[in-house]
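J.: mind looking at a prediction? Sequence and model below.
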Amino acid sequence: LPGEDLSAALDAAASLAADDLGSLITNLGERVTTRGEAAAVREHYLGALDAIHARSLPTQISVKLTHLGLEAGRDACAADVAKLAARAASLGSFVWIDMEESHYVDATMAIFRELRTSHSNVGLCLQAYLHRTPMDLETLLPLQPAIRLVKGAYREPAARALARRHDIDAAYLSLGRRLLDQAARGQGLPVFGTHDLKLIEALRM
């Protein structure tokens, strides 16, 4: 995103860079079921990192673990993300891991934790609407992580996620303030993935 291919996405990133704006790009896809498909996704992202570097863009990649074959082999998926992180590090860049449906949270967090032991240039997305997220965040804070906070977009049952906008906004604000408090102590990097201007203003206060 945006565009139908990498070239279009990088052109858009270049337009943003002209206005001193960084960008985050992803290749849409989920639930790859074969290692061959997952390897193709890995190679696409390796190429994207090289292309970003070649154009000197302030652009980072964000990947979904099921797109990199989480369901086709957990360890191979983790190894592929490590390869992306290593390539990104060699180019002075960063890799974000997206969060997917709630039943993938445990596996996603586990792989993130493993990667953080050897790669400091890896960040994780957390979804404010999940009931479990406040506790998940607390368990991650000792890692001084880079966290991209979003509201959450997957359809989840009431037992797993908040449904009312007011409640989701309140959860986002609480988590955001916790992240900012940690960042003020030099313990982590918060990134806020939202177009909600009211929330942004509240977090600035």
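T.: Cool, got the structure.
J.: quick one: the helices in this protein, in order.
T.: For the chain, applying DSSP state H gives helices covering 6-18, 35-54, 74-90, 105-116, 133-140, 165-184, 197-204.
J.: now those in JSON lines, with mean neighbour count?
T.: Every C-beta, even on glycine, is put in place using the N, C-alpha and C of the backbone. Output for those, formatted as JSON lines (neighbours: other CB atoms under 10 Å):
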{"stretch": "helix 6-18", "mean neighbour count": "15"}
{"stretch": "helix 35-54", "mean neighbour count": "17"}
{"stretch": "helix 74-90", "mean neighbour count": "18"}
{"stretch": "helix 105-116", "mean neighbour count": "17"}
{"stretch": "helix 133-140", "mean neighbour count": "16"}
{"stretch": "helix 165-184", "mean neighbour count": "17"}
{"stretch": "helix 197-204", "mean neighbour count": "12"}
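J.: to residue 150, which of these lies closest?
T.: helix 165-184 (8.4 Å; CB to CB).
J.: name the residues that touch that closest one?
T.: Helix 165-184 is contacted from outside by 126, 128-129, 133-134, 137, 141, 144, 147, 149, 151-152, 162, 188-190, 192, 194, 196, 198-199, 202-203, using CB atoms under 8 Å, 6 or more residues apart in numbering.
J.: so how far is residue 67 from residue 89?
T.: Distance of residue 89 to residue 67, computed by CB to CB, to the nearest Å: 21 Å.
J.: check which residues of stretch 138-150 are buried.
T.: 140, 141, 143, 145, 146, 147, 148, 149, 150 (16 or more other CB atoms under 10 Å).
J.: now tell me what touches it from outside.
T.: Under the contact criterion CB under 8 Å, 6+ apart, stretch 138-150 has outside partners 62, 94, 96, 99, 109, 112-113, 116, 122-128, 137, 172, 175-176, 179, 182, 186-194.
J.: how about stretch 14-32?
T.: 1, 6, 9-10, 12-13, 38, 41, 44-45, 48, 55, 57-64, 66-69, 71-72, 96, 98, 100.
J.: quick one: average pLDDT of stretch 19-34?
T.: For stretch 19-34, the mean per-residue pLDDT is 95.
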